[in-house]
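> Quick one, fold the following:
(one chain, ligands or ions: 1)
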Amino acid sequence: MAEYNRVSECVGLITLRNPPVNALSAAVRQGIVDTVQRALSDPNVKSVVICGQNGIFCGGADIKEFRSNMTGPPLIPMIHAIESANKPVVAAIEGSALGGGLELALGCHYRIAHSKARLGLPEVSLGLLPAAGGSQRLPRLIGVPAALNLITTGRHVTAAEALQLGIVDQVTDHNTVAAAVKFALSVAGRSLDPRRISTHPCPQQPDLDALFEEVMQKVRQSARGAIAPIACVQAVRAAATLPYAQGMERERELMATLFTSGQARALQYCFFAERAVGRWRMPSGARWDTSKPRPVHKAAVIGLGTMGRGITVALAQTGLSVIAVETQEKQLMEAKQAISGMLERGAKGRGVAPALDGVIYSQNIQAVADVDLVIEAVFEDIALKTKVFQQLSAVCKPGTLLCTNTSALDVDQLASETPNPELVVGMHFFAPAHVMKLLEVVYGPRSSPQAVATAMQLGKKMGKASVAVGNCRGFVGNRMLKPYIEEAFFLLEEGATPELVDQALEEFGFPMGVFRMSDLSGLDVGWRVRKGDGLVEPGTASGRSARIRQGRRYSPLGDLLCEEGRFGQKTGRGWYQYDKPGSRVARFDPWLHSFLGAYRAQHGLVARRIDHQEVLERCLYALINEGFHILDDGIAAGPEDIDVIYVSGYGWPRHRGGPMFYANMVGLAKVLERLEHYQQLHPEVPHLQPSSLLRRLVASGSPPIHKWGEAIKKLHSQL
Ligand SMILES: CCCCCCCCCCCCC[C@H](O)CC(=O)SCCNC(=O)CCNC(=O)[C@H](O)C(C)(C)COP(=O)(O)OP(=O)(O)OC[C@H]1O[C@@H](n2cnc3c(N)ncnc32)[C@H](O)[C@@H]1OP(=O)(O)O
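Okay, the predicted model is just below:
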């Protein structure tokens, strides 16, 4: 809806009303068409101001409408009618002007923004392009290079940057609508021809072809298979080389291709999934909207290794007071230096003062007595963590939340070692913790809803994609990673190479294939876990029986590399070779290939040709299958939780929507059929055995992903 008022006698004020972000729904578009017409036909009105209610101009087209048949007046003629109006129209921008919201403002003759406003054309992140004239007007207004940057990245700019770029005409610290009304009065009666952006040519740009070639190359490289960034470049090229009407035609064609692509569906799914995970719920029935978080003003981090340092930085950057505890003096000094450096670099990047004073360092655990929340990040050893939790329980004031950053240990076991297990949750950060977006908040059967609410709220404050998950081995992310990695090892045994497997996964869209990723994170990490599980044996045995451990197929390849001291990048050797320890460029390693040949010979394995399709099906479907187990077990509340974890923490290509969304796109029946196929070939591999939930979903007609929750509930009630 849009409300109309006449203010200051001769200004028509149009207010967009569609909480929470004034998205341009059919009703809002109709409201704008009607109120603009009313203002233009009223002889008492000399100029018009468009604003949004509740301090936000407009969050763009209503993304929810994209899923259905769109009705109501279309955006493009609506914006043209504003631009061609014979009275000045001024956009009063508060909060956000994004996507269609900014395109609406670009159709206005003037734009006044509040200093705290953010503007942008983020359509690319939804798999689209600014298709209400944005791809044609913005380059005409601010020039091709700046428009390319904004449209291909989708980044939001501050009002100050928007002013500098020429997107807005004025920035105010005061009441934006009042400033816009005053401005509208001052320009009433002036010629509007120079203010109609669509009538301008793009500012001249030397060597346009070279510029587009360079940008296209860069975009193709970073897009990892996403098509929208490429279409955005093509649309801006049309703006730079074609008359406006033809440019608009090109914009429409490109949008039609994107709009109907699976990628747009996947990216829009991610947008809503990221918001849905904030509405967490636990199997006990506790939920986000009935659980009140405790305030957290002061936090502590115990253990200042890599994870503890990153967590300290993330907390301090949120504005919290942090007590950082490390018992060894030398490590404490090193950590202090490293944390200060990270805070300084982070502050420089954001143009703010570093929060150095926000961190107090101590060797003494007693220093945490009055904090509201502690995150333990000591070495992954249950005995050590148990001791720390017992000390914390004795030292901390009553009610302090005790969080563990474990990635592998049993949160419930740790909780049971404390007098108040309801205060214990896992906060599983990903390295580097001040950079990586993902946080798994792990609740045990005794964690209180308030503890979960507090950890979730703190995660949100830290800017993390926080997902509440149940307690199990590996939680969600690492539990699903295990079969994925194991399949990759089996593929090597059967004839694949690390290069082939990685290439297939990188072409799918992962930033790194499984072997390059293992080299980066360190092969010794998995080795230690497998040793702990009693799976590692001396590598001299041969034949099939040597590769069956604990009753299932096992590949000792990773262990054998570790025995050779090949831990990945840090030792300069792993699945690849590196110029020196710590260097990042993975190179083909002839040693590794002859090692694989010798290994196959020792075990009587005959290498066969393996193609990309098999790599993808075996690695990805094994991972997805585990995802169905996780849903069946109630460890994740819904497929969105799993997908957000994989997209924000494990490099799953966002334009493929996450593993569960991908399974939905491929078709559940197809995933089931391929798993059954591989399971028949590899009966000794339990993770290829299709999950019973997947079978039941297929049997119930493969409901679309947004109906899985309902279907799972129904299927569980039938058990
Ligand atoms: C046959 C083929 C024909 C093809 C041709 C089809 C042509 C169609 C014509 C289209 C013309 C193109 C128009 C335009 O170019 C396209 C667009 O505008 S796409 C939208 C672009 N806008 C955005 O991407 C902004 C998205 N929103 C945000 O970034 C943030 O929400 C915010 C605005 C910065 C506010 O942030 P917060 O305050 O943190 O709030 P939340 O993010 O939590 O959001 C609150 C709530 O609002 C919902 N929401 C937000 N934006 C939109 C939106 N644009 N549409 C619908 N809903 C929106 C959000 O989901 C939250 O709700 P919840 O999910 O929690 O219920």
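> only C-alpha atoms for contact and neighbour calcs from this point on.
Will do.
> Write out the residues of the protein neighbouring the ligand.
Neighbours of the ligand within the chain, by CA under 6 Å from any ligand atom: 20-21, 23, 59-64, 96, 98-100, 122-123, 130-132, 255-256, 259-260, 272, 275.
> Please pick the buried ones from these.
21, 23, 59-63, 96, 98-100, 122-123, 130-132, 255, 259 (16 or more other CA atoms under 10 Å).
> Show the low-confidence segments of the protein, by residue range.
539, 719 (pLDDT under 70).
> give me every residue that touches the spatially most central residue of it.
What sits nearest the mean C-alpha location of the chain, by CA atoms, centre = their mean, is Ser648, with 3.8 Å. Contact analysis of Ser648 by CA atoms under 8 Å, 6 or more residues apart in numbering lists 436-438, 465.
> Quick check on these: which are buried?
By 16+ other CA under 10 Å, the contacts of Ser648 give 436-438, 465 as buried.
> The residue nearest to the centre of the chain sits in which helix or strand?
Per DSSP states H and E, Ser648 falls inside helix 639-649.
> And the helix or strand following that helix, what does it pack against?
Sequence order places helix 659-666 as the next helix or strand after helix 639-649, per DSSP H and E. Judged by 3 or more CA pairs under 8 Å, 6 or more residues apart in numbering; DSSP states H and E, helix 659-666 is in contact with helix 612-633, helix 639-649.
> Okay, buried residues for helix 659-666 please.
659-665.
> Return the closest of those residues with respect to the ligand.
Phe661 (17.1 Å; CA to the nearest ligand atom).
> The helix holding Ser648 versus helix 659-666: what angle between them?
Angle of helix 639-649 versus helix 659-666, following axes from the mean of the first three to the mean of the last three CA atoms, to 10 degrees, is 110 degrees.
> Please export the C-alpha coordinates of helix 639-649 as CSV.
The C-alpha trace of helix 639-649 is given here as CSV (Å, rounded to 0.1, in the frame of the first residue of the first chain):
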residue,chain,number,x,y,z
PRO,A,639,16.6,-28.8,5.7
GLU,A,640,17.2,-25.0,5.8
ASP,A,641,19.4,-25.5,8.9
ILE,A,642,21.6,-28.0,7.1
ASP,A,643,21.8,-25.9,4.0
VAL,A,644,22.7,-22.7,5.8
ILE,A,645,25.5,-24.7,7.6
TYR,A,646,26.9,-26.0,4.3
VAL,A,647,26.6,-22.7,2.4
SER,A,648,28.1,-20.5,5.1
GLY,A,649,30.7,-22.9,6.6
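> 38 is where my numbering starts, stick with that
Sure, I'll start numbering at 38, so the last one becomes helix 676-686.
> how much does it deviate in direction from helix 649-670?
Using the same axes, to 10 degrees: helix 676-686 against helix 649-670 is 130 degrees.
> And helix 676-686, how far out from the chain middle?
Mean-position distance between helix 676-686 and its chain equals 8 Å (CA atoms, centre = their mean, to the nearest Å).
> same deal with stretch 390-397?
27 Å.
> Next up, the contacts around Arg104.
For Arg104, the contact set (CA under 8 Å, 6+ apart) is empty.
> OK, now which residue of the stretch 338-487 of the chain is nearest to the ligand?
For the stretch 338-487 of the chain, CA to the nearest ligand atom, closest residue to the ligand: Lys474, 15.4 Å.
> Tell me where the stretch 38-187 of the chain has helices.
Assigned by DSSP state H, counting those that start in this stretch, the helices in the stretch 38-187 of the chain fall at 63-78, 112-120, 137-144, 171-179, 181-190.
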